[in-house]
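In: quick one, what's the 3D model for this:
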Amino acid sequence: MGEVEVQIQGLSKEYFPRERRGLFRSEVRRVEALRQVSLEISQGEIFGLLGPNGAGKTTLIKCLTTLLIPSSGDAWIHGFHIVKQENQVRAAVGCMLMGERGLYWKLTGRENLEYFGALYHLGVPDRRLRAKEVLALLKLEEIADRSVESYSSGQKMMLAFGKALVNDAPVLILDEPTNTLDVPSARELRALVRRLNAAGKTVLYTTHIMSEAETLCNRVAVIDRGQVIALGTVQELKDSLRRDHVTHIDGVISSEATRAVQALPDIRRVATVAVEGATRLTVVSGNGHSVLPVLIETLARHGAVVQRITPEEVTLEDVFVALTGRTLAEDTRVQ
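Out: As a prediction, this is how the structure comes out:
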């Protein structure tokens, strides 16, 4: 890895939304979207920012791309301060933030790319050439001159990704880029990210899909409720959990049975998520072999119907469960 490309020091962001209380009364509350976030991303790195919806990922991205002013702290991208040198930061970043919502649907794909090229002050010949190159890279030439409103959802997302490439910036910031893509399209987009990274781009990649981060990112930061709770390579984060044992139990499991499992000795964390009409119980324990019989007996005593038990290799999802007691499927946005 090269020099530091993105540096974040103690970045915080607070909101003060007003909530209505009755017909004529309202109340201001304080929401901490980011809490003292500090990290560094090296030049030429694919860095993953992981967390559930509402964790603070998009708020951090908006601060780094000058769309929001942080409440406190500092950050630099490509050597430029995000508040004091905002124009230079915008020139140094290609950003995919709003997905297909950031496109003009009445324009064609080519017109969209040329329009955004103009916003980056590319001359007419340069922006036409760049639009042509991006369309070829994304294999969108055949639909380039159709209005975007006629595109499929996946095609719109690929064009939104292309918009982030128009200015050929050294830093790519991609916020949940595969969110609405089908499996083949998502695989293709990740392959493009790898190619761009191999060509020298630094990539900040946010996702709540752990398998995506495991296969793509050099290092990851796990963010939850506005704070970075873990940072390192994928293997380092997995190794941090090696002393614990992770077991997945699928079946009909009530909240009462879940609480009973949580109360057992040597149980570190318990989390649940709905999977294909059943409940998946993820149990992190100190000694899986000795706990398992007690675990099964406890579930049966509380009326659970166990369909499958799977001791598994540690994943990033398991790391998140061990740290928070929740799965990444849980939405932590403040309502």
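
In: for stretch 151-162, buried residues please.
Out: For stretch 151-162, the neighbour count (16 or more other C-beta atoms under 10 Å) marks 151, 154, 155, 156, 157, 158, 159, 160, 161, 162 as buried. (C-beta placed from N, C-alpha, C; glycine too.)

In: now those residues as CSV including secondary structure?
Out: As requested, those are exported to CSV (DSSP: H, G, I helix; E, B strand; the rest coil):
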residue, secondary structure
151, coil
154, helix
155, helix
156, helix
157, helix
158, helix
159, helix
160, helix
161, helix
162, helix
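
In: nearest to residue 262 among the residues you listed?
Out: residue 157 (39.3 Å; C-beta to C-beta).

In: who's in contact with that closest one?
Out: 99, 100, 177, 178, 179, 180, 181, 185, 189 (C-beta atoms under 8 Å, 6 or more residues apart in numbering).

In: neighbour-wise, which of the residues you listed leads?
Out: Neighbour tally across these (other C-beta atoms under 10 Å): the maximum, 26 neighbours, falls on residue 177.

In: on that earlier part again, how about CSV for the buried residues of stretch 151-162, with distance to residue 318 and pLDDT added?
Out: Formatted as CSV, these follow (distance: C-beta to C-beta, whole Å; pLDDT from 0 to 100):
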residue, distance to residue 318, pLDDT
151, 37, 95
154, 30, 90
155, 35, 93
156, 34, 94
157, 29, 93
158, 32, 94
159, 36, 95
160, 32, 94
161, 30, 96
162, 35, 96
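
In: lowest-confidence entry in the contacts of residue 157?
Out: Lowest pLDDT within the contacts of residue 157 is found at residue 99 (74).

In: could you verify my assumption that residue 257 touches residue 299?
Out: Yes: here residue 257 lies in contact with residue 299, judged by C-beta atoms under 8 Å, at a distance of 5.3 Å.

In: next, show the common contact partners of the two.
Out: With C-beta under 8 Å, 6+ apart as the test, residue 257 and residue 299 reach no residue in common.

In: which among the contacts of residue 157 gets closest to residue 213?
Out: The closest of the contacts of residue 157 to residue 213 turns out to be residue 178 (C-beta to C-beta; 11.3 Å).

In: tell me how far that closest one lies from residue 209.
Out: The gap separating residue 178 from residue 209 is 7 Å, by C-beta to C-beta, to the nearest Å.

In: okay, and the common contacts of those two?
Out: By C-beta under 8 Å, 6+ apart, no residue touches both residue 178 and residue 209.

In: C-terminal to the helix or strand encompassing residue 271, what's the next element?
Out: Element membership for residue 271 (DSSP states H and E) is strand 267-275. Beyond strand 267-275 in the direction of the C-terminus, DSSP H and E gives the next helix or strand as strand 278-285.

In: relative to that next one, what are the paired strands and their orientations?
Out: Strand pairing for strand 278-285, using DSSP bridges, gives strand 245-252 (antiparallel), strand 267-275 (antiparallel).

In: between those strands, which gets nearest to residue 324?
Out: Closest among the strands paired with strand 278-285, once you apply C-beta to C-beta, is strand 267-275, at 7.8 Å.

In: listing request: residues of the stretch 1-150 of the chain with sub-threshold pLDDT.
Out: Residues of the stretch 1-150 of the chain that meet the criterion pLDDT under 70 lie in 1-2, 20-26.

In: how about the helices in it?
Out: Shown for the stretch 1-150 of the chain, the helices assigned by DSSP state H, counting those that start in this stretch span residues 57-64, 86-92, 109-119, 124-137.

In: looking at those helices, which is nearest to residue 5?
Out: helix 86-92 (9.1 Å).
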